[in-house]
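Undergrad: Take this sequence and fold it.
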Amino acid sequence: MPKLKTNRSLAKRLRFTKTGKLKKRKANRRHILGKKSRKRKRKLRQSSYLSKGDAKKLRRLLPYG
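TA: Down below sits the predicted model:
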C-alpha cells in the first residue's frame with residue numbers, strides 16, 4: 001500500500017487530544033479588535049473542539065493523527 005498524504009494546511013490548524021478529539025483555535029481574533037468587547041476577545045483566546053460531524057469529515061485529511 002502507498003503512504004497516505006497528510007493535508008499540511010489542516011495539520012497546522014488542528015491538534016489531536018489524547019482522547020482523539022480535534023482541537024482548534026477560535027476565529028475572529030486577527031484584526032478589527034477595537035469594536036469587539038473585552039469579554040468577547042477574552043473568550044476568543046480559549047481553544048475549542050470541532051463538532052463530531054466536522055471532525056468525521058476532516059479526519060480523512062489527517063490519516064496519521
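
Undergrad: Strands along this structure, start to end?
TA: 14-16, 22-24, 48-49 (DSSP state E).

Undergrad: Ok, which of those comes nearest residue 63?
TA: With C-beta to C-beta as the criterion, residue 63 lies closest to strand 14-16 of those, at 11.9 Å. Bear in mind the C-beta positions are built from the backbone N, C-alpha and C, glycine included.

Undergrad: I figured residue 29 was touching residue 41, is that so?
TA: Yes: using C-beta atoms under 8 Å, residue 29 is in contact with residue 41, at 7.0 Å.

Undergrad: Now tabulate the strands of the chain in JSON lines and tack on distance to residue 60.
TA: JSON lines is the format used below for these (distance: least, C-beta to C-beta, whole Å):
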{"stretch": "strand 14-16", "distance to residue 60": "13"}
{"stretch": "strand 22-24", "distance to residue 60": "12"}
{"stretch": "strand 48-49", "distance to residue 60": "18"}
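
Undergrad: So which of the ones you listed is nearest residue 36?
TA: strand 48-49 (17.0 Å).

Undergrad: Which strands and helices lie in contact with the closest one?
TA: strand 22-24 (3 or more C-beta pairs under 8 Å, 6 or more residues apart in numbering; DSSP states H and E).

Undergrad: Mind listing what's buried along the strand it packs on?
TA: residue 22 (16 or more other C-beta atoms under 10 Å).
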